[in-house]
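*Asks:* coords below, sequence missing:
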């Protein structure tokens, strides 16, 4: 039996077509809310943007997917199958970790294999590894499964979650809880570096972030065929299939308000429409400082946000090479001679270190379509301080750092790398600021320290503008694909309740 549409359906606008905005728009449209998704750039994806150069595809944003069920749910809500629009394929190992002293081991989903790997590198820590994995399982259960897609609209809701968070000792840092359980320096780094993928410092982020290791083990690490940009396109196709509207290449310039309500959304082209609810997936500072400019709430929040801590930037080096390397896995972490000192330089001191921690992606080993035949696509990510701590001229420094990164990849993995380069380019914090309105060029918005987590992070519904909502990395629960999808789930729940 076909449902009869409401005579006056509720209308919502979602600003920004990153993963968070796309997921929220799908949830709203699937629930019968007439939804318009407005994107500033010429295609969807937000930070999951993709470039095509010389036949190579280079992903700007996420290169691994965990918890694919959180994605497939967006299709199953309306009885569809994600496989009709995008294929996810597993990657193995999850990570190959490599240190300058020659230590190397693989992180996998098979505990027996993981135990064998750790036994080779740190045999005295097998018991500690078991302790860590038990802790990680508890953090996953409480911090992600139970609270990861639950909104914190008021203090009472937060208070209900507090006992579980206290049981997990969330006041302790990820580094503290890990160092107490394992003693080998390599293993400590192996169990904490994943925090960098959400813009967190293992020394200051909550121990609840230990959940990342167990999440990978339980759900696997997956790759969308064609890249993250193709996943975003698939989400957009599904949204349109449900009846949603996508408006591209037309930046929102103002969200109009009347009293304590958002009323209209206006874009650069002059398009302006009224909506019953408005949600922003744009950078959180840009949202309040620019989109709500001229309002008391916008100015109040901009002042508050300026006092907060922001995640570091990322310096990305994209390069396409002649040849193929079946022995280089999809994901590698090339650790440098320092770890804690390097983290201090990036997060606290705001200096550009001579050494690096390189997170290397090699997607063509999983998906040959990312490069022309006989060639390979790579991306190296290096954490660097954001523009507020490191206000350097990236036009000058960028080419020098790019060479240093490629030199190190060559030294560790591909000796004749410079002879094989077909195309290359880099992407710096200044580019994040220009292309994504990212405050201070931060790659992950607000830093996930304990004082900016859960109730203490910007909430999914604004506290003063009753029908204005937030989704994405700047809102609860934070950055990373699973968290951003959880954010969309939490925000949709609030919006649908309010739009009844």
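*Replies:* Nice, thanks for sending it over. These numbers come from a predicted model, not from an experiment.

*Asks:* use CA for all of it now, contacts and neighbours both
*Replies:* Will do.

*Asks:* With residue 302 as the reference, measure out to residue 293.
*Replies:* 9 Å (C-alpha to C-alpha, to the nearest Å).

*Asks:* next one: residue 96
*Replies:* In this view, residue 96 and residue 302 are 41 Å apart by C-alpha to C-alpha.

*Asks:* now do residue 327
*Replies:* Distance from residue 327 to residue 302, counting by C-alpha to C-alpha: 48 Å.

*Asks:* When the two are compared, which one has more neighbours?
*Replies:* residue 302 (20 against 8; other C-alpha atoms under 10 Å).

*Asks:* Helix, strand or coil: sort out the nearest residue to that one once chain neighbours are set aside for me.
*Replies:* Spatial nearest neighbour of residue 302, excluding adjacent residues (C-alpha to C-alpha, 6 or more residues apart in numbering): residue 289 at 5.3 Å. Under DSSP: H, G, I helix; E, B strand; the rest coil, residue 289 falls in the helix class.

*Asks:* Pull the contacting residues for residue 289.
*Replies:* Contacts for residue 289 (C-alpha atoms under 8 Å, 6 or more residues apart in numbering) come out as 298, 299, 301, 302.

*Asks:* Do I have it right that residue 96 meets residue 333?
*Replies:* Yes - in this structure, residue 96 is within contact of residue 333 by C-alpha atoms under 8 Å, at 6.4 Å.

*Asks:* any shared contact partners between the two?
*Replies:* The contact sets of residue 96 and residue 333 do not overlap (C-alpha under 8 Å, 6+ apart).

*Asks:* Output the below-cut-off pLDDT ranges for the stretch 1-150 of the chain.
*Replies:* Within the stretch 1-150 of the chain, the segments meeting pLDDT under 70 span 1-8, 144-150.

*Asks:* swap the cut-off to 90 and go again
*Replies:* Low-confidence regions of the stretch 1-150 of the chain, defined by pLDDT under 90, span residues 1-9, 60-63, 109-123, 135, 137-150.

*Asks:* For it, which segments count as helices?
*Replies:* 19-30, 68-76, 111-121, 126-139 (DSSP state H, counting those that start in this stretch).

*Asks:* Kindly reformat those as JSON lines containing distance to residue 318 and mean neighbour count.
*Replies:* Converted to JSON lines, the helices of the stretch 1-150 of the chain look like this (distance: least, C-alpha to C-alpha, whole Å; neighbours: other C-alpha atoms under 10 Å):
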{"stretch": "helix 19-30", "distance to residue 318": "22", "mean neighbour count": "29"}
{"stretch": "helix 68-76", "distance to residue 318": "26", "mean neighbour count": "17"}
{"stretch": "helix 111-121", "distance to residue 318": "30", "mean neighbour count": "15"}
{"stretch": "helix 126-139", "distance to residue 318": "33", "mean neighbour count": "19"}
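
*Asks:* now for these, which one comes closest to residue 441?
*Replies:* helix 19-30 (19.0 Å; C-alpha to C-alpha).

*Asks:* Can you name every helix or strand that that closest one contacts?
*Replies:* Contacts defined by 3 or more C-alpha pairs under 8 Å, 6 or more residues apart in numbering; DSSP states H and E place helix 19-30 against strand 11-15, strand 34-38, helix 68-76, helix 228-241, helix 481-498.

*Asks:* Okay, angle between the last one and helix 68-76 too, please.
*Replies:* Angle of helix 481-498 versus helix 68-76, following axes from the mean of the first three to the mean of the last three C-alpha atoms, to 10 degrees, is 40 degrees.

*Asks:* mind checking how far helix 481-498 is from the chain centre?
*Replies:* Here the centre of helix 481-498 is set off from its chain's centre by 15 Å, with C-alpha atoms, centre = their mean, to the nearest Å.

*Asks:* Same check on the second one?
*Replies:* Relative to the chain's own centre, strand 34-38 is displaced by 23 Å; criterion: C-alpha atoms, centre = their mean.

*Asks:* Pairing partners for it, with directions?
*Replies:* Strand pairing for strand 34-38, determined by DSSP bridges: strand 11-15 (parallel), strand 245-247 (parallel).

*Asks:* So which of the ones you listed has the densest surroundings on average?
*Replies:* strand 11-15 (a mean of 24; mean count of other C-alpha atoms under 10 Å).

*Asks:* List of residues touching that one?
*Replies:* By C-alpha under 8 Å, 6+ apart, strand 11-15 touches 21, 24-25, 33-39, 252, 265, 275-282.

*Asks:* Quick check on those residues: which are buried?
*Replies:* 21, 24-25, 33-39, 252, 265, 275-282 (16 or more other C-alpha atoms under 10 Å).

*Asks:* re earlier: quick one, which of the strands paired with strand 34-38 gets closest to residue 183.
*Replies:* When the strands paired with strand 34-38 are compared by C-alpha to C-alpha, strand 11-15 sits nearest residue 183, at 46.3 Å.

*Asks:* and the angle for that closest one with helix 19-30?
*Replies:* Using the same axes, to 10 degrees: strand 11-15 against helix 19-30 is 170 degrees.

*Asks:* can you give me how far strand 11-15 is from the chain middle?
*Replies:* Strand 11-15 has its C-alpha centroid displaced from the chain centroid by 22 Å (C-alpha atoms, centre = their mean).

*Asks:* Please renumber the chain so that the first residue is 466 from this point on.
*Replies:* Fine by me, first position is 466 from now on; the one you just mentioned is strand 476-480.

*Asks:* Quick check: which ranges of the stretch 766-915 of the chain have low pLDDT?
*Replies:* Checking the stretch 766-915 of the chain against pLDDT under 90 turns up 915.

*Asks:* quick one, helices of it?
*Replies:* Using DSSP H, counting those that start in this stretch, helices in the stretch 766-915 of the chain cover 805-809, 859-877, 882-885, 894-901.

*Asks:* which one of those is the most hemmed in?
*Replies:* Most buried among the helices of the stretch 766-915 of the chain, given mean count of other C-alpha under 10 Å as the contact rule, is helix 894-901, at a mean of 19.

*Asks:* what's it in contact with?
*Replies:* The list of residues contacting helix 894-901 from outside it, by C-alpha under 8 Å, 6+ apart, reads 511-512, 747-748, 778-780, 851-852, 859, 903-908.

*Asks:* Which of these fall within strands?
*Replies:* Judged by DSSP state E, strands contain the following of the contacts of helix 894-901: 778, 779, 780.

*Asks:* Which strand residues bridge the last one?
*Replies:* It refers to residue 780. Per DSSP bridges, the residues bridged to residue 780 are residue 847.

*Asks:* Let me know how buried it is, in neighbour terms.
*Replies:* Neighbour tally, residue 780, other C-alpha under 10 Å: 26.
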